[in-house]
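**Student:** 3D model of this:
(one chain, ligands or ions: 1)
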Amino acid sequence: MKIYLLNGPNLNMLGIREPDKYGSQSYATLLEMIREHCDKLGIELVAYQSNHEGDLVDKIQEAYFEGADGIVINPGAYTHTSIALLDAVKAVSIPTAEVHISKVEEREDFRQVSHIRQACVKTITGHGINGYVEAIDFLWENKK
Ligand code: DQA
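**Tutor:** As a prediction, this is how the structure comes out:
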């Protein structure tokens with residue numbers, strides 16, 4: 001099984017940015033944790049982070065052309081604004097899980113909309129970085 005792990009803007013700043021909301025673990029630590037978990041399950045992982053919307057669209061398309069079986073995505077603030085990311089996930093028809101480290105539903109009004117959610121098979125919010133592991137497990141358990 002091959003999974004693309006995609007992180008949007010400012011997620012490279014994990015551990016530095018608002019630790020009260022996003023925790024004290026760095027992006028490097030997150031990647032280490034996910035890689036270890038994927039290795040255990042025999043999942044091939046492609047991890048990518050970008051602060052640019054179009055780059056994330058490119059990576060979702062790449063997931064299709066590279067034959068990925070699943071996508072785990074935290075689109076960061078693009079969750080709340082991006083129709084392009086929604087369209088990209090719809091275009092590739094790859095089972096996609098949406099992850100948010102914080103409990104977005106208990107935050108500001110502008111965080112209550114997720115455009116990408118309607119194209120996702122699973123949404124996990126508020127479980128910290130463990131939410132990524134849960135998303136991978138979900139895709140693993142539901143793989144065809
Ligand atoms: C986030 C929540 C978003 O509202 C925010 O813009 C982020 C991170 C989360 O992981 O909780 O960048 O997606």
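**Student:** flag every residue of this protein that's near the ligand.
**Tutor:** 10, 74, 76, 77, 79, 100, 101, 102, 104, 111 (Cβ under 6 Å from any ligand atom). Bear in mind the C-beta positions are built from the backbone N, C-alpha and C, glycine included.
**Student:** neighbours around the fourth one, how many?
**Tutor:** The burial count assigned to residue 77 is 15, neighbours taken as other Cβ atoms under 10 Å.
**Student:** list the contacts for it?
**Tutor:** 8, 9, 10 (Cβ atoms under 8 Å, 6 or more residues apart in numbering).
**Student:** any idea how far it lies from residue 126?
**Tutor:** Residue 77 sits at a distance of 17 Å from residue 126 (criterion: Cβ to Cβ, to the nearest Å).
**Student:** one more: the first one?
**Tutor:** When distances are taken as Cβ to Cβ, residue 10 and residue 126 turn out to be 18 Å apart.
**Student:** neighbour count winner among those two?
**Tutor:** residue 10 (16 against 13).
**Student:** tell me the pLDDT of that one.
**Tutor:** pLDDT, residue 10: 98.
**Student:** so it makes contact with residue 52?
**Tutor:** No - using Cβ atoms under 8 Å, residue 10 is not in contact with residue 52, being 11.8 Å away.
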